[in-house]
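Visitor: Return atomic coordinates for the entry below.
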Amino acid sequence: MPDDIPTLALMDPEIVAVELVALARPGKSKSDTRRLITQGGVEINGDKLLVADEKLLMKSGDILKVGKRNWYKIEVVRAKSLITEHLRLDPLELQDLDLMTAYLPAWEIV
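Guide: Purely as a prediction, here's the structure:
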């Protein structure tokens with residue numbers, strides 16, 4: 001394993017295997033990614049991943065190996081709320097955007 005491997009950031013620790021590998025291989029098709037997984041070309045922490053539709057529970061520090069030479073360190077990033085006396089900051093969910101813009105002035109949504 002190389003000394004300086006790139007980091008792959010995940011917003012949610014629970015992810016389907018084919019989606020995880022697709023994040024590491026932008027521009028590649030899902031069918032090509034599935035084939036790579038089923039042929040044993042993907043490892044997580046040294047264990048081969050053979051089921052493309054398997055749900056995985058990743059944690060920060062996990063190592064993903066894709067193919068022979070591509071290594072990634074997993075970093076799970078959690079969006080958190082910040083609440084102060086006069087301000088409340090929550091991560092904005094895309095499905096809530098229409099409802100929020102209909103009832104809140106535009107300057108309140110950042």
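
Visitor: just checking, Glu75 touches Pro6?
Guide: No: between Glu75 and Pro6 there is no contact under Cβ atoms under 8 Å: 10.3 Å. All C-beta spots, glycine's among them, are computed from the backbone N, C-alpha and C.

Visitor: what about these two, which has more around it?
Guide: Counted by other Cβ atoms under 10 Å, Glu75 and Pro6 do not tie: Glu75 has more neighbours, with 14 against 10.

Visitor: Does the more buried one belong to a helix, a strand or coil?
Guide: strand (DSSP: H, G, I helix; E, B strand; the rest coil).

Visitor: Equivalent analysis for the one 10 residues further on, please.
Guide: Following three-state DSSP, the label given to Glu85 is coil.

Visitor: which phi and psi does it have?
Guide: Note on Glu85: backbone dihedrals following degrees, to the nearest 10 are phi -60, psi -40.

Visitor: contacting residues around it?
Guide: Contact analysis of Glu85 by Cβ atoms under 8 Å, 6 or more residues apart in numbering lists nothing.
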